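[1] sharing a sequence plus its predicted fold:
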Amino acid sequence: MAKERQVADEDEKVLWDITIGEQVFLTKNGRGKYVMVDIYEYEKLKASLKLMSQLAQGELSGKEKGWMTIEEVEAEQGIDDV
């Protein structure tokens, strides 16, 4: 039990030494297993992945159904000429 507590204390010290924007890489048998990031970076990563997925869907739709002109987009969105 004392060894487990010592390991936990050492892990806690490592986390306190991390600065904002840095990642913590956890390994198992010398190979990367997990990455810890701060919540702001995690949320930013999730938003980026969602955006990339939506852009890929839009590109696929354009290739399959054809692309719209700017005039068609404006008409569909109800945007008047400026």
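    Yes, it's here. Here the structure is a predicted model, which is why all the values come from computation and not from measurement. Numbers count the residues shown, from 1 in each chain.

[2] low pLDDT regions in this protein?
    Residues of the chain meeting the criterion pLDDT under 70: 1-12, 14, 81-82.

[3] which stretches of it form helices?
    Taking DSSP state H, the helices of the chain run over residues 2-16, 39-65, 70-77.

[4] so who does the most centrally placed residue in the chain touch?
    The structure's the chain has its C-alpha centroid closest to Leu45; by C-alpha atoms, centre = their mean the separation is 1.6 Å. Residues counted as contacts of Leu45 (C-beta atoms under 8 Å, 6 or more residues apart in numbering) are Val37. Backbone N, C-alpha and C define where each C-beta goes, glycine included.

[5] adding distance to Thr27, write the helices of the chain out as TSV.
    Formatted as TSV, these follow (distance: least, C-beta to C-beta, whole Å):
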stretch	distance to Thr27
helix 2-16	13
helix 39-65	20
helix 70-77	49
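
[6] tell me which of the ones you listed approaches Leu26 most closely.
    Among those, helix 2-16 comes nearest to Leu26, with 9.4 Å by C-beta to C-beta.

[7] how far does stretch 69-79 sit from its chain's centre?
    In this view, stretch 69-79 has its centroid 31 Å away from the chain centroid, taken as C-alpha atoms, centre = their mean, to the nearest Å.

[8] now that stretch - C-alpha only, CSV.
    As requested, the backbone C-alpha atoms of stretch 69-79 are provided in CSV (Å, rounded to 0.1, in the frame of the first residue of the first chain):
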residue,chain,number,x,y,z
THR,A,69,-23.0,28.9,-57.4
ILE,A,70,-22.8,31.9,-55.0
GLU,A,71,-26.1,33.2,-56.5
GLU,A,72,-27.8,29.9,-55.8
VAL,A,73,-26.5,29.9,-52.2
GLU,A,74,-27.7,33.5,-51.7
ALA,A,75,-31.1,32.8,-53.1
GLU,A,76,-31.5,29.6,-51.0
GLN,A,77,-30.4,31.5,-47.8
GLY,A,78,-32.6,34.6,-48.6
ILE,A,79,-29.6,36.9,-48.8
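
[9] buried ones in it?
    Within stretch 69-79, not a single residue qualifies as buried, counting by 16 or more other C-beta atoms under 10 Å.

[10] alright, I will stop here.
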